[in-house]
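# From the sequence below, what's the structure:
(4 chains)
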Protein chains: 2
Amino acid sequence: MTQSRPVYLKLRDQIAAAIIQGEYPEGKMLPSVRALAAEQGANPLTVAKAYQQFQNDGLVEVQRGVGMYVVEGAATQLREREKQHFLQEEWPEIRARMNRLGLDPADLVECT
Amino acid sequence: MTQSRPVYLKLRDQIAAAIIQGEYPEGKMLPSVRALAAEQGANPLTVAKAYQQFQNDGLVEVQRGVGMYVVEGAATQLREREKQHFLQEEWPEIRARMNRLGLDPADLVECT
DNA sequence: CTCGCTGTATTATGGCACTGATGCACTTAG
DNA sequence: CTAAGTGCATCAGTGCCATAATACAGCGAG
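A predicted model of the protein is given here:
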């Protein structure tokens, strides 16, 4: 019945967007796994798994017993990384798909 | 490490693309589950599962003991269906993402 | 009719991703 | 020191995916 994307991936994207948009400011602590889990109605471990990738990428810093902090420059770094991935991986695929469906990219730019 | 999409979904997309582009012409028989399974290195049942959805959507017709045939008008119907899904489900998300990343859609239309 | 091809149903099995509950190590406020 | 908060490791459960080995039913050529 879990037809949608995994919860931890949704959370990951959501957190990434929050960091990029400054909702989780650099240098500040982001919600604890338990807090975010309660807020999102998820399991703390699932939240932890979502946070994990940001640790591996060095975008957040862990202080055991204290919390996790957003590294300085994480926002722009994250934005650049996602931009790169979007342009190199996703956009070509999207273009090919639109072409196959007979859609003109120029037309879609206008629709809000 | 979210492994790649399930095999039967990949096959489904691949077959859909083939029908849209006329590689599997309307009225003609498409590869048997065993043949496509051998060609793709997959299990016949996995191929059957990929074919299943096209049957449910009435895009292919089964003649027991003979094979499965592409229904007349399946290509355009499939293209319209995917176009609808793309415009209503995927494109808004893509637009929001590009906006969040600071990418201008107009710029991307030109690249290639 | 016989043989070979079609799709389909059945059952079983292994693997893996996702989620969850519990407990531990650590830091800080009091 | 105590208590409450942090992240994290371990183990278990669940469900989907893919595979396999058969067996069956329908059609067509020889």
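# Three-state assignment for residue A:61, please.
What DSSP: H, G, I helix; E, B strand; the rest coil gives for residue A:61 is strand.
# how about the residue nearest to it when sequence neighbours are not counted, what does it touch?
What sits nearest to residue A:61 in space, not counting adjacent residues and going by CB to CB, 6 or more residues apart in numbering or on different chains, is residue A:69, at 5.0 Å. (C-beta placed from N, C-alpha, C; glycine too.) Counting by CB atoms under 8 Å, 6 or more residues apart in numbering or on different chains, residue A:69 makes contact with A:27-30, A:60-61, A:63.
# hmm, stretch A:4-11 in reach of chain B?
Yes. Using CB under 8 Å from any CB of the partner chain, we find that stretch A:4-11 touches chain B at A:6, A:9.
# Residue numbers of chain A in contact with chain B?
Those residues of chain A that sit near chain B, judged by CB under 8 Å from any CB, are A:6, A:9, A:17, A:20-21, A:79, A:82-83, A:86-87, A:91-92, A:94-95, A:97-98, A:100-103, A:105-106, A:108-109, A:111-112.
# Which PyMOL command selects the buried ones in the residues you listed?
Entered in PyMOL, the line below selects the buried ones among the residues of chain A next to chain B, by 16 or more other CB atoms under 10 Å in any protein chain shown:
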select buried, chain A and resi 17+20+79+82+83+86+91+94+95+97+98+101+103+108
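# So which residues make contact with stretch A:31-47?
Applying CB under 8 Å, 6+ apart, the contact partners of stretch A:31-47 are A:7-8, A:11, A:30, A:48, A:51, A:67.
# and of these, the nearest to chain B?
Checking the contacts of stretch A:31-47 against chain B by CB to the nearest CB gives residue A:8 as the nearest, at 9.5 Å.
# What helix or strand is that closest one located in?
According to DSSP states H and E, residue A:8 maps onto helix A:7-20.
# Could you pull up the mean pLDDT of that helix?
Across helix A:7-20, the average pLDDT comes to 95.
# Need the contact partners of that helix.
A:4, A:24, A:30, A:36, A:40, A:42, A:46-47, A:49-51, A:53-54, A:59, A:70, A:74-75, A:78-79, A:82, B:2, B:100-101.
# any idea which element the residue lying closest to residue A:63 once chain neighbours are set aside lies in?
For residue A:63, ignoring the flanking residues on the chain, the nearest one in space by CB to CB, 6+ apart is residue A:69 at 6.9 Å. Using DSSP H and E, residue A:69 sits in strand A:67-70.
# And that strand, what's buried?
A:67-70.
# what's the following helix or strand after the helix holding residue A:8?
strand A:29-30.
# ok, back up a step: relative to the strand holding residue A:69, what are the paired strands and their orientations?
strand A:29-30 (antiparallel), strand A:60-63 (antiparallel) (DSSP bridges).
# Check whether it comes into contact with DNA strand C.
No. Contact of strand A:67-70 with DNA strand C (CB under 7 Å from any atom of the strand) is absent, the minimum separation being 9.1 Å.
# pLDDT averaged over that strand, what's the number?
96.
# Would you tell me what the next helix or strand after it is?
Downstream of strand A:67-70, the first helix or strand assigned by DSSP H and E is helix A:74-85.
# Report the angle between that next one and helix A:7-20.
Angle, helix A:74-85 to helix A:7-20, by axes from the mean of the first three to the mean of the last three CA atoms, to 10 degrees: 120 degrees.
# Which secondary structure elements does the next helix or strand after helix A:74-85 sit against?
Sequence order places helix A:91-101 as the next helix or strand after helix A:74-85, per DSSP H and E. Contact partners of helix A:91-101 among helices and strands, from 3 or more CB pairs under 8 Å, 6 or more residues apart in numbering or on different chains; DSSP states H and E: helix A:105-110, helix B:7-20, helix B:74-85.
# Done for today, thanks.
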